[in-house]
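> how does the following fold in three dimensions:
(chains A and B)
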Amino acid sequence: GDSVTQMEGPVTLSEEAFLTINCTYTATGYPSLFWYVQYPGEGLQLLLKATKADDKGSNKGFEATYRKETTSFHLEKGSVQVSDSAVYFCARPIYNQGGKLIFGQGTELSVKP
Amino acid sequence: DSGVTQTPKHLITATGQRVTLRCSPRSGDLSVYWYQQSLDQGLQFLIQYYNGEERAKGNILERFSAQQFPDLHSELNLSSLELGDSALYFCASSAPDWTSTGELFFGEGSRLTVL
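Residues are numbered from 1 along each chain as shown, chains lettered A, B, ... in the order given. Next up, the predicted model:
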């Protein structure tokens, strides 16, 4: 069935390190793909999105490219900051039966000074 | 601030009890979604309402029920609580064009602890 799988965490990095969080999906077509972020004590919020294959979403220094060949949407940032410490969720919509978002299991990122 | 309000923020109760979680969506949003977040299950979709009607159902237990009222606020009722029901329950709302924007707006969640 339709699913989203992301790399397990937690991920611990030093400030200014390079970040990659892997996300792969299964789908019969080419759904839009999203990354959501959950800062400590808060709800989820949309970080970036890509609506079709080969699109690149970007926001706050984060990027992700929709790659249909590898059914992936990996999140990257060239230089992380302590303020990026959060849980990151990859997500895709399921449009039948009213529509909903399904999420990967979440990857906790901790950035140390 | 997402504009979605959830109450209570924290709730501690005993096994076998019943609780009600409340959600007020963003102004103008007709859809409300409920998600359960736990350490072992991750973020699980429970149920969706659109303008008062149930639209989609996910992994929601029979002990749980929800409804959306004419003023569009929603309530999630959890009964015969078990230890495993301890989790963070999120409500989200969306605009009608959410399938193109992908954006659900989440509340801060209600943390339920069952002792």
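> surely A:Glu63 touches A:Lys49?
No: if you go by CB atoms under 8 Å, A:Glu63 and A:Lys49 don't touch, sitting 11.7 Å apart. C-betas here are computed from N, CA, C, even on glycine.
> identify the contacts common to the two.
A:Gly57 (CB atoms under 8 Å, 6 or more residues apart in numbering or on different chains).
> which one of these two is surrounded by more residues?
A:Lys49 (22 against 17; other CB atoms under 10 Å in any protein chain shown).
> doesn't the more buried one belong to a strand?
Yes: with DSSP: H, G, I helix; E, B strand; the rest coil as the criterion, A:Lys49 is part of a strand.
> that one and A:Trp35 touch, don't they?
Yes: contact criterion CB under 8 Å: A:Lys49 and A:Trp35 qualify, at 7.5 Å.
> who touches both of these two?
A:Gly57.
> which stretches in the chain count as strands?
Picked chain A for this. Under the criterion DSSP state E, chain A contains strands at A:3-6, A:11-14, A:19-21, A:23-26, A:33-38, A:44-50, A:56-59, A:62-65, A:75-77, A:86-94, A:100-103, A:107-112.
> let's do chain B instead
Ranges of strands in chain B, per DSSP E, are B:5-7, B:10-13, B:19-24, B:31-38, B:42-50, B:53-57, B:64-68, B:74-78, B:87-94, B:105-106, B:110-114.
> name the residues that touch the longest one?
Strand B:42-50 is contacted from outside by A:44, A:89, A:98-106, B:30-38, B:54-60, B:64, B:66-68, B:74, B:76, B:90, using CB under 8 Å, 6+ apart.
> pull out the buried members of the residues you listed.
A:44, A:89, A:98-106, B:30-37, B:55-56, B:58, B:60, B:64, B:66, B:68, B:74, B:76, B:90 (16 or more other CB atoms under 10 Å in any protein chain shown).
> turn the strands of chain B into CSV, including distance to A:Lys112.
Compiled in CSV, those are given as follows (distance: least, CB to CB, whole Å):
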stretch, distance to A:Lys112
strand B:5-7, 32
strand B:10-13, 29
strand B:19-24, 35
strand B:31-38, 25
strand B:42-50, 25
strand B:53-57, 41
strand B:64-68, 39
strand B:74-78, 37
strand B:87-94, 25
strand B:105-106, 27
strand B:110-114, 27
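> quick one: closest of the ones you listed to A:Arg67.
With CB to CB as the measure, strand B:42-50 is the member of the strands of chain B nearest A:Arg67 (23.4 Å).
> rewinding a little: any idea which of the strands of chain A is most buried?
Ranked by mean neighbour count under mean count of other CB atoms under 10 Å in any protein chain shown, the strands of chain A are led by strand A:33-38, which reaches a mean of 25.
> in its sheet, what does that one sit against?
Applying DSSP bridges to the sheet, strand A:33-38 is found paired with strand A:44-50 (antiparallel), strand A:86-94 (antiparallel).
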